[in-house]
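Q: Predicted model follows, preceded by the sequence.
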Amino acid sequence: MTNCIFCKIAARQIPSKTVYEDEDLIAFHDINPAAPVHLLIVPKQHIDTLADCDERHAALLGKMMLLAPKLAQDQGCGYTSNGDGAAGKGGFKTLFNTGPDGGQEVYHLHLHVIGGPRPWRGMR
Ligand code: AMP
Ligand code: ZN
């Protein structure tokens, strides 16, 4: 995708504040953070939206989801469980926006990881 901003970030053609990279994924700080920590986990492969995924993308999506708590922990907004069914401490939001009504602005699949001390800008 020649004109896709996240493809360009993944190819290191435009800069980002990268916090993680492997053969499948890159993760970087959102340029317009909604909270003290706001990361985007992005597959290097171009996929427009979550709605374009199927069974072939299950492992990739699982990898994205499992990376979220690790990066949140690295960024100081991890969740500490009580392990007893009650709320622990800290935590973060994980979010895929899909399509115009889902609030998607960049049509390259990405998972938002949003956390840190509240309040957050315009977001519950
Ligand atoms: P969405 O509305 O889910 O498509 O989110 C797109 C996100 O990408 C927004 O939160 C933007 O602030 C963020 N964004 C757009 N361009 C860049 C960029 N060059 N580097 C980092 N984040 C970006
Ligand atoms: Zn792309």
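A: Ah, there it is. Ligands and ions are numbered 1, 2, ... in the order given.

Q: contacts, neighbours, all on C-alpha from now
A: Noted.

Q: Show me what the strand or helix carrying residue 19 is packed up against.
A: Using DSSP states H and E, residue 19 sits within strand 18-21. On a contact count with 3 or more CA pairs under 8 Å, 6 or more residues apart in numbering; DSSP states H and E, strand 18-21 meets strand 25-29.

Q: Check which element follows the strand it packs on along the chain.
A: By DSSP H and E, the next helix or strand past strand 25-29 is strand 37-43.

Q: For the helix or strand encompassing residue 58, buried residues please.
A: Element membership of residue 58, judged by DSSP H and E, is helix 58-74. By neighbour count on 16 or more other CA atoms under 10 Å, the buried set for helix 58-74 is 60, 61, 64, 65, 67, 68, 69, 71, 72, 73.

Q: what does stretch 88-101 give?
A: Buried-residue list, stretch 88-101, by 16+ other CA under 10 Å: 90, 91, 92, 94, 96, 97, 98.

Q: Next, give phi and psi for residue 114.
A: Its backbone dihedrals place residue 114 at phi -130, psi 130, with angles given as degrees, to the nearest 10.

Q: contact partners of the strand holding residue 19?
A: For strand 18-21, the external contacting residues (CA atoms under 8 Å, 6 or more residues apart in numbering) are 26, 27, 28, 29, 71.

Q: Kindly report the same for stretch 49-56.
A: 47, 96, 98, 99, 107, 108, 109.

Q: Now with 10 Å, please.
A: Stretch 49-56 has contacts (CA atoms under 10 Å, 6 or more residues apart in numbering) with 47, 57, 60-61, 96-99, 104, 106-111.

Q: Having no further points to raise, I will conclude here.
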